[in-house]
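Chemist: What would the 3D arrangement of this be:
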Amino acid sequence: MGGPSVAAFRRKREVVVAMTKVLIACDHGGLELKVQLVGDLASWGHEVLDLGVHSSESVNYPDLALKLCRSLVAGEGELGVLVCGTGIGMSIAANKVSGVRAALVGDCYSARMAREHNNANVVCLGGRVLGPDRAGAVLKAFMEARFEGGRHQRRLDIIASVEAEA
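Modeler: I've put the predicted structure just below:
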């Protein structure tokens with residue numbers, strides 16, 4: 001009788017997603033998926049800064065990954081999205097930049113955990129691996145998740161100490 005209504009309970013459980021400035025970049029293997037993801041992000045209310053590429057001409061993926069990550073660390077965005085053929089090359093290059101925690105993900109659970117447990121600030125996706133629907137769902141899971149802190153922060157502090165030594 002005197003407790004909260006079902007509607008009130010559901011409202012509390014709704015995920016509130018604030019507008020985020022998202023940097024996005026790809027190589028030639030991720031161009032088609034990147035174009036879709038730019039549209040998805042904008043439709044979800046995020047500000048998107050597209051750092052390229054804009055043609056299917058072959059490029060070197062590390063150049064785009066490093067451009068995005070350096071911009072992110074400089075404060076030009078809050079989160080980053082990198083797309084190449086598999087996402088592997090982008091994730092390797094991105095994680096060379098101090099302050100970047102890039103996660104290669106291919107499913108919604110991993111995308112959510114990347115944010116909640118690892119405080120990932122860059123998601124890497126494979127344009128030749130993920131279909132458009134799955135890629136959109138994975139990105140949405142990444143964008144909606146929030147870092148949990150606590151014991152997870154202790155682990156990130158260990159990683160940051162290794163970065164500081166380098």
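Chemist: Show the end-to-end separation of stretch 123-138, please.
Modeler: Length of stretch 123-138, first residue to last, Cα to Cα, to the nearest Å: 9 Å.
Chemist: which residues of the protein fall in helices?
Modeler: Using DSSP state H, the helices found in the chain span residues 6-13, 31-43, 61-73, 88-94, 108-116, 132-144, 151-165.
Chemist: out of these, which comes closest to Ser55?
Modeler: Nearest of the helices of the chain to Ser55, taken as Cβ to Cβ: helix 31-43 at 7.4 Å. Backbone N, C-alpha and C define where each C-beta goes, glycine included.
Chemist: for that closest one, which positions count as buried?
Modeler: 31, 33-38, 40-41 (16 or more other Cβ atoms under 10 Å).
Chemist: and stretch 93-111, average pLDDT?
Modeler: Averaged over stretch 93-111, pLDDT sits at 97.
Chemist: Once you drop chain neighbours, what's closest to Leu41?
Modeler: Among residues not flanking Leu41 along the chain, Val48 sits closest, at 4.8 Å (Cβ to Cβ, 6 or more residues apart in numbering).
Chemist: The one you found contacts Val35, doesn't it?
Modeler: No - the pair Val48 and Val35 fails to qualify as a contact (Cβ atoms under 8 Å) at a distance of 11.2 Å.
Chemist: list the contacts for Ser91?
Modeler: 82, 102-104, 124 (Cβ atoms under 8 Å, 6 or more residues apart in numbering).
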